[in-house]
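**Q** here is my input; please provide its structure:
(2 chains)
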There are 2 protein chains.
Amino acid sequence: MTDYDDAIALRPDGSTWVGELSDDWAIGEAVNGGLLMAMATTAVSSTSQAQGGHADPLSFSGVFLSPGAAGPVTVEPQILRTGRRMTTAQVRVTQDQDGQEVERLRALLTLGDLATYAEPVRKTLAAPSIPAAEECVSAREAPPSALTKSGFLQRWDLRMDPATVGWAVGRPSGAGLMRGWLRLADERDFDAVSLLLALDAFPPVAFDLGSSGWVPTVEFTGYVRGIPAPGWLQVTLSATHVAGGLLNEDCDIWDSTGRLVAHSRQLASARFAD
Amino acid sequence: MTDYDDAIALRPDGSTWVGELSDDWAIGEAVNGGLLMAMATTAVSSTSQAQGGHADPLSFSGVFLSPGAAGPVTVEPQILRTGRRMTTAQVRVTQDQDGQEVERLRALLTLGDLATYAEPVRKTLAAPSIPAAEECVSAREAPPSALTKSGFLQRWDLRMDPATVGWAVGRPSGAGLMRGWLRLADERDFDAVSLLLALDAFPPVAFDLGSSGWVPTVEFTGYVRGIPAPGWLQVTLSATHVAGGLLNEDCDIWDSTGRLVAHSRQLASARFAD
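**A** Numbers count the residues shown, from 1 in each chain, chains lettered A, B, ... in the order given. A predicted model of the protein is given here:
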């Protein structure tokens, strides 16, 4: 069992699923939202299949209601509709806090058979031109202080294009652009579900705009468009409209064959110095 | 009362809201999804404000479970969380069908005070270069047959850039790109809520890729980024990845002062000839 599989492991408990959020996937005190998304999607997919529905996530739209904390977690899927080509579902992720159920994440998903949506490709976006992974800057080269409170960062082998990493040494480009390579540290290959985790794995693009500190996600919508081939992912992040401390963070992901396999937009809140 | 205000009018009925879907906003047999989104957002905003929450939509993520039909409709908001800066909510839109409640749309919303997110603008996308509205092609010039079953089309003054309208005369460019001007036919100015309707008002961008027929929305996520100034909107539609009959349709909207006020992505299903 890989770190990742261990982290999203769930067991059935009546009509819900229960698991454990781990500090290993935390940034500061909060467990990464992407891990909650992967866990929620796993539960929805299992429940969907048990009810004769579809398996692969096509879209995931979620709102983050409170930060996930290390400890037990409950995932409650609800299948809304099963059609011939797609299944639609809702999911709630909650934790017990002093005897009270506190909701972390609520999301709407559509599921389908991704294999049927692979061909023909009529239009797509080409993978970016990035120096080879070994010529990129590893997140492991980050100053130790930055790593102290991030179990999450250690879960990844993340290599940034040197051209988009100035923010890490106090020189954000102001362009709101990042790109690089991504792999799980345990080298587990990505599947359709873990692409949702990958869409939220990079540092916030707000850092390249001069922001620092926590960048909470208000809303996240990701689309999985293909089953990824084994190996490295190529990732780009960009922001289109940054105003009044709110920005969109758009992520595009290509697999090792250069095929676009996922894209997302999130609305995030960021603090800027001036 | 304008056509639009009449169409989204709701009255409270306990904790839910009731209204009437009109054929006037239908495309074929189905009432336009954007109208359902505007209606749902109106109900959520009213309920949020009554509970001390926020008024303006910031994000809207919805799944369309079945096509809306002319007749009575029920909108059921549920406030999930009210914070200092934002309110998070869920909403269900249902209709009675032979004594059964049938769900049309389920969505997650965040609301806030849009005035606080206007300045400073740190990065944005410039409005497109489009010929003046009077030099563009009006949707009213469409052949009568195309209008017969579309009450919806008659609700708009929609002017397409001549450079992106080839699909209407059987010559789709294949680029998956449309742009033009948009106004409500009754000249009612847009507000934050009706921008959600505007994000879904153009013909499907799939038409410019050679598709024809109905292009059902699987999932729609829209973000409102500013309160629009009175007057025409500028709208662009584009698709990034079109494969296996699934595509993303991205919409960007600028107000009459050239400010980006809304953007969206939807996952849509389209049929292509070959």
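
**Q** going forward, measure contacts and count neighbours with C-alpha atoms only.
**A** OK.

**Q** next SSE after the helix or strand encompassing A:G19?
**A** According to DSSP states H and E, A:G19 maps onto strand A:16-21. Remark: after strand A:16-21, the chain's next helix or strand is strand A:26-27, criterion DSSP H and E.

**Q** what sits up against that following strand?
**A** A:32, A:70, A:149-153 (C-alpha atoms under 8 Å, 6 or more residues apart in numbering or on different chains).

**Q** and the strands in the stretch 101-250 of chain A?
**A** Ranges of strands in the stretch 101-250 of chain A, per DSSP state E, counting those that start in this stretch, are A:121-123, A:137-138, A:156-160, A:177-184, A:217-224, A:233-238, A:242-243, A:246-254.

**Q** how about the fourth one and chain B, any contact?
**A** Read it as strand A:177-184. No - Strand A:177-184 stays clear of chain B (C-alpha under 8 Å from any C-alpha of the partner chain), getting no nearer than 11.4 Å.

**Q** coming back round to it: among the contacts of strand A:26-27, who's most crowded?
**A** The most crowded member of those, judged by other C-alpha atoms under 10 Å in any protein chain shown, is A:N32 (25 neighbours).

**Q** isn't that residue right next to A:G68, touching?
**A** Yes - the criterion here is C-alpha atoms under 8 Å, and A:N32 meets it with A:G68 at 7.4 Å.

**Q** before we move on, the earlier item: parallel or antiparallel, list what pairs with the strand holding A:G19.
**A** The pairing partners recorded for strand A:16-21 under DSSP bridges are strand A:11-13 (antiparallel), strand A:71-82 (antiparallel).

**Q** does any part of the longest helix along chain A sit near chain B?
**A** In chain A, assigned by DSSP state H, the helix with the most residues is helix A:33-50. No - contact of helix A:33-50 with chain B (C-alpha under 8 Å from any C-alpha) is absent, the minimum separation being 15.3 Å.

**Q** check which element follows that helix along the chain.
**A** Sequence-wise, the next helix or strand downstream of helix A:33-50 (DSSP H and E) is strand A:56-64.

**Q** residues contacting that next one, please?
**A** Residues from elsewhere that reach strand A:56-64 (C-alpha under 8 Å, 6+ apart): A:33, A:41, A:45, A:104-114, A:192-193, A:217-225, B:61, B:88, B:108-110, B:219, B:221, B:267.

**Q** return the most buried member of the strands paired with strand A:16-21.
**A** For those, average neighbour numbers computed from mean count of other C-alpha atoms under 10 Å in any protein chain shown are highest in strand A:71-82, which has a mean of 20.

**Q** the following helix or strand past that strand vs strand A:16-21, what angle?
**A** Remark: after strand A:71-82, the chain's next helix or strand is strand A:87-97, criterion DSSP H and E. Strand A:87-97 runs at 50 degrees relative to strand A:16-21, counting by axes from the mean of the first three to the mean of the last three C-alpha atoms, to 10 degrees.

**Q** got a list of contacts for strand A:87-97?
**A** Here strand A:87-97 makes contact (C-alpha under 8 Å, 6+ apart) with A:36, A:40, A:44, A:48, A:53-54, A:68, A:72-82, A:101-112, B:63, B:65.

**Q** quick one on the thing from earlier: how about the strands of the stretch 101-250 of chain A in TSV, adding mean pLDDT?
**A** Shown next, in TSV, are those (pLDDT from 0 to 100):
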stretch	mean pLDDT
strand A:121-123	96
strand A:137-138	92
strand A:156-160	95
strand A:177-184	97
strand A:217-224	97
strand A:233-238	98
strand A:242-243	97
strand A:246-254	98
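
**Q** distance to A:T94 and mean neighbour count added to those strands, as JSON lines?
**A** Shown next, in JSON lines, are the strands of the stretch 101-250 of chain A (distance: least, C-alpha to C-alpha, whole Å; neighbours: other C-alpha atoms under 10 Å in any protein chain shown):
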{"stretch": "strand A:121-123", "distance to A:T94": "39", "mean neighbour count": "16"}
{"stretch": "strand A:137-138", "distance to A:T94": "34", "mean neighbour count": "19"}
{"stretch": "strand A:156-160", "distance to A:T94": "26", "mean neighbour count": "23"}
{"stretch": "strand A:177-184", "distance to A:T94": "26", "mean neighbour count": "25"}
{"stretch": "strand A:217-224", "distance to A:T94": "17", "mean neighbour count": "26"}
{"stretch": "strand A:233-238", "distance to A:T94": "29", "mean neighbour count": "25"}
{"stretch": "strand A:242-243", "distance to A:T94": "31", "mean neighbour count": "24"}
{"stretch": "strand A:246-254", "distance to A:T94": "25", "mean neighbour count": "25"}
